[in-house]
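In: no letters, just coordinates:
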């Protein structure tokens, strides 16, 4: 069944009004009509079963037939901080990271970043948000990840100040410091089990940048003997951390708003 995230204001008193562009896709791409039902999500943790009422006009409407709690999010609220890079690389990280269960994305620019332009136009931001939304719909998540604007390296470190645990992946770290259940045990006593994984650009981090991250509370981790590309490290690290976290701490019991 098709799943669509909508702004809460599109869901009023049991009725749903689909935005124009989504209405067009419902008619022309998904070929749905009044016989069909869809799942609508408002990014609060709830799922609504919606019967389509009008698919012939420009704006499709529907009514809510049922409501239930959406699928649980990972027990760890994982943020991934990554360097600005080529467009395809960024889109891949956001798409696949969303599918895996990443909650926040923090792009940044450091000394060895391949792209150093911080300014992002609105069309580009909307494209990334669309990629995240479609990935969340496809993977049946009930919440969308947050996409932060790109920042300079130290300002990004400051942005992560509220995270309960902070890890920086660096090729200079001894391989004995690999991800483990013991590493995540400090999260067990936290109300919000938030964790940020910081991954360097293709050129890596300088020793000074690693030291600066440690000043802001990051601890070094290793991915082993292999030196991974940035996007590989982001996704492999996310998959490992989320899997270890779920096995150690159980699934999230976060209630819908």
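Out: Cool, the structure landed. Please read all numbers here as calculations on a predicted model, not as lab measurements. Numbering: from 1, shown residues only.

In: could you pull out the buried residues of the helix-or-strand element of the chain with minimal mean pLDDT?
Out: For the chain, the helix or strand with the lowest mean confidence is helix 181-184, at a mean of 86 (criterion: mean pLDDT, DSSP states H and E). Using 16 or more other C-beta atoms under 10 Å as the test for burial, helix 181-184 gives 183-184. To be clear about C-beta, it is placed using only N, CA and C from the backbone, and glycine gets the same treatment.

In: list the neighbouring strands of the helix or strand that it is followed by plus their orientation.
Out: Sequence-wise, the next helix or strand downstream of helix 181-184 (DSSP states H and E) is strand 194-199. Sheet pairing for strand 194-199, assigned by DSSP bridges, gives strand 77-83 (parallel), strand 165-169 (parallel).

In: residue 159 is nearest to which of those strands?
Out: Proximity to residue 159 (C-beta to C-beta) singles out strand 77-83 among the strands paired with strand 194-199, at 8.5 Å.

In: for whichever helix or strand comes after the closest one, buried residues please.
Out: Per DSSP H and E, the first helix or strand lying C-terminal to strand 77-83 is helix 87-100. Across helix 87-100, burial judged by 16+ other C-beta under 10 Å covers 89-100.

In: ok, residue 33 touching residue 51?
Out: No. Residue 33 sits out of contact with residue 51 when judged by C-beta atoms under 8 Å, with a separation of 11.2 Å.

In: do you know which of the strands paired with strand 194-199 lies nearest residue 212?
Out: Using C-beta to C-beta, the nearest of the strands paired with strand 194-199 to residue 212 is strand 165-169, at 9.9 Å.

In: gap between the closest one and the chain center?
Out: 17 Å (C-alpha atoms, centre = their mean, to the nearest Å).

In: now do stretch 104-120
Out: Offset of stretch 104-120 from its chain centre (C-alpha atoms, centre = their mean): 17 Å.

In: tell me which helix or strand comes right after whichever strand or helix holds residue 25.
Out: Following DSSP H and E, the helix or strand that holds residue 25 is helix 20-28. As assigned by DSSP H and E, the chain's next helix or strand after helix 20-28 is strand 37-41.
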